[in-house]
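**Student:** have a look at this fold, sequence not included:
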């Protein structure tokens with residue numbers, strides 16, 4: 001298991017051809033912490049560490065922004081606050097929490113596409 005951030009860090013590290021130990025030493029973190037980040041056992045790092053990672057890989061602004069965004073989507077334990085929302089929203093959030101581990105990848109992708117459409121402001125979302 002991993003998070004989107006963990007996957008991105010592993011890919012960057014592999015492209016540069018460095019080990020976790022080498023990267024951890026350069027960033028002044030422990031190899032165990034870096035391993036936990038890559039495997040999704042830790043929440044996204046601090047903004048300071050994100051900046052050090054971007055500097056370490058010498059990535060351009062657009063790529064750094066994408067890395068920062070993916071870090072924000074990589075909390076392995078998510079909390080949803082549905083207070084003040086209709087009961088259907090709370091029920092949906094709870095059902096999703098109960099079922100997320102058993103959803104096939106194609107269903108997750110379909111749900112993500114629906115969220116992307118909603119985010120773009122589409123009023124009507126067609127479900128195939």
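**Tutor:** Here it is on my side, so go on. The structure presented is a predicted model; accordingly, all values stated were derived computationally and were not measured. Numbering: from 1, shown residues only.
**Student:** and the nearest residue in space to residue 18 that is not next to it in sequence, what element?
**Tutor:** Leaving aside its sequence neighbours, residue 18 sits nearest to residue 26 (C-beta to C-beta, 6 or more residues apart in numbering; 7.9 Å). Yep, even glycine has a C-beta here, placed from its N, CA and C like the rest. In this structure, residue 26 is located in helix 20-27 according to DSSP states H and E.
**Student:** repeat that for residue 116.
**Tutor:** Using DSSP H and E, the element containing residue 116 is helix 105-119.
**Student:** centre of the chain to that helix, how far?
**Tutor:** On the basis of C-alpha atoms, centre = their mean, to the nearest Å, helix 105-119 sits 15 Å off its chain's mean C-alpha point.
**Student:** likewise for stretch 44-52?
**Tutor:** With C-alpha atoms, centre = their mean, you get 14 Å for stretch 44-52.
**Student:** now it: buried residues?
**Tutor:** Within stretch 44-52, the residues that qualify as buried are 44-45, 49-50, 52, counting by 16 or more other C-beta atoms under 10 Å.
**Student:** stretch 24-36 too?
**Tutor:** Neighbour-count burial for stretch 24-36, with 16+ other C-beta under 10 Å as criterion, is recorded at 24, 27, 29, 33-35.
**Student:** farthest pair in the residues you listed?
**Tutor:** 27 and 35 (12.7 Å; C-beta to C-beta).
**Student:** for residue 36, give its distance to residue 8.
**Tutor:** According to C-beta to C-beta, to the nearest Å, residue 36 and residue 8 sit 15 Å apart.
**Student:** how about residue 56: what's its closest non-neighbour residue?
**Tutor:** The spatial neighbour of residue 56 that comes closest, neighbours along the chain excluded (C-beta to C-beta, 6+ apart), is residue 26 at 5.6 Å.
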